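In: model this:
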Amino acid sequence: MAEAKPTLKPVIHKPPGYRDPEAPPPTVPKAPPRRRPLPPSFRQPGKPLPRRHRSRRSCCCRLCCWASVVVLALAALIAVAAGLAYLWFQPRLPSFRLESLNATRLRVSSRPDGTFLDVSTSVGILVSNPNGKIVLEYGDWEARVRVADDDGDVDVGAAEIAGFEQGRRNRTVVRFKTAAKAMAVDEVAGGRIQAGFRRKEMKLGVNLRTRVGLRVGGSSTGKLPIRVACSPVSLRQGVSHGTLPLCRLYLFRWINLQKKGS
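Out: Numbers count the residues shown, from 1 in each chain. Predicted structure coming up:
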C-alpha cells in the first residue's frame, strides 16, 4: 500500500508592525547612573573638580540688568544735580530790544537798466542779562537790516559785530551801521520806499545771529547758536526815543524761546 503524504500548511506572512499579543513587553534599557564627584580625600592630587557650565543666556541677562541699574542711577543723579543747580542759579533768558533805528541816507535812482537803491542805516540793540550769578559770553555777531515792503522785504545791508562778555545784571547797547549801494529793486517798490522815507513811515527790521554761552565762576559752557529777530518798526518810532518792542529769541535759529512783547 502506498503511504499517505502529509499535507503542508500554507505559510502566512505577518504584516509589517505586527506584534504578538502573547509576547512579553520589550524592556527599555535604563540610563546609567550619574557618577557623583568623589570627595576630596578620594580625588587624585592635582585633579580639579568638574565645573558646572552656566548658560550664556543667564550671563547676558545679569549683565543687562546691572547695566540698566547703573544707567538709571546715573540718570537720577544727573536729574538731582540739575534740579539743585537750577534752584541755586535760577537762570533766566537774556532779552533783546531795539534801542534806536534810523535810515541816515536813502536814494532811489532810475536808470535804463533798472531801479537801484542806496541806503545807510544806524541801529542800536539793547541786550540785557537779568541773571545775578551767571555771566553771558557772546561770540561774533552777524547783523542784517531789511526794509519791509508789500511785495517782500528788501535786504539793505549787513554788519559784523565783535563778540563780548556781559556781566551779571548788566545792560549793554550794541550799535552798528550798515550800507547798501546799487541794490536792484522793482520800480514800483522803489517809489513806495522813497515815499515812506520822506514821510518817516518806512519800516526797518533787524535780524542778528550769534552764539552764546554761560560762565559761572571759572567754568564756562559751550556756546549755542541763537537768532534774534526784531519786527519792522517805522522810522518815526525808531527816532522817537520811546520804548520799542522786544525782539524774538530763537535757540538753534528756529526754536522760539521768547515771544514778541511790547
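In: shaky segments in the protein?
Out: For the chain, residues meeting the criterion pLDDT under 70 lie at 1-14, 17-18, 20, 26, 28, 37-56, 253-254, 258-262.
In: try it again with 80
Out: 1-58, 82, 84-89, 239-243, 252-262 (pLDDT under 80).
In: tell me where the longest helix sits in it.
Out: Secondary structure of the chain per DSSP state H: the longest helix is helix 56-89.
In: in stretch 181-194, what counts as buried?
Out: By 16 or more other C-beta atoms under 10 Å, the buried positions in stretch 181-194 come out as 183, 185, 189-190, 192-194. In short, each C-beta sits where N, CA and C put it, glycine included.
In: for those, which one is nearest Ala75?
Out: Nearest to Ala75 among the buried residues of stretch 181-194: Met183, at 54.0 Å, using C-beta to C-beta.
In: please enumerate the strands of the stretch 1-150 of the chain.
Out: 95-111, 114-129, 135-138, 141-147 (DSSP state E, counting those that start in this stretch).
In: okay, the ones you listed in TSV with mean neighbour count and distance to Cys230 next?
Out: TSV is the format used below for those (neighbours: other C-beta atoms under 10 Å; distance: least, C-beta to C-beta, whole Å):
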stretch	mean neighbour count	distance to Cys230
strand 95-111	16	5
strand 114-129	20	8
strand 135-138	18	16
strand 141-147	21	10
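In: now those strands as JSON lines including distance to Pro16?
Out: Formatted as JSON lines, the strands of the stretch 1-150 of the chain follow (distance: least, C-beta to C-beta, whole Å):
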{"stretch": "strand 95-111", "distance to Pro16": "97"}
{"stretch": "strand 114-129", "distance to Pro16": "98"}
{"stretch": "strand 135-138", "distance to Pro16": "94"}
{"stretch": "strand 141-147", "distance to Pro16": "94"}
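In: between those strands, which gets nearest to Arg209?
Out: Arg209 lies closest to strand 141-147 among the strands of the stretch 1-150 of the chain, at 4.7 Å (C-beta to C-beta).
In: re the thing from before, roughly how far is the longest helix of the chain from the heart of the chain?
Out: Distance of helix 56-89 from the chain centroid (C-alpha atoms, centre = their mean, to the nearest Å) equals 22 Å.
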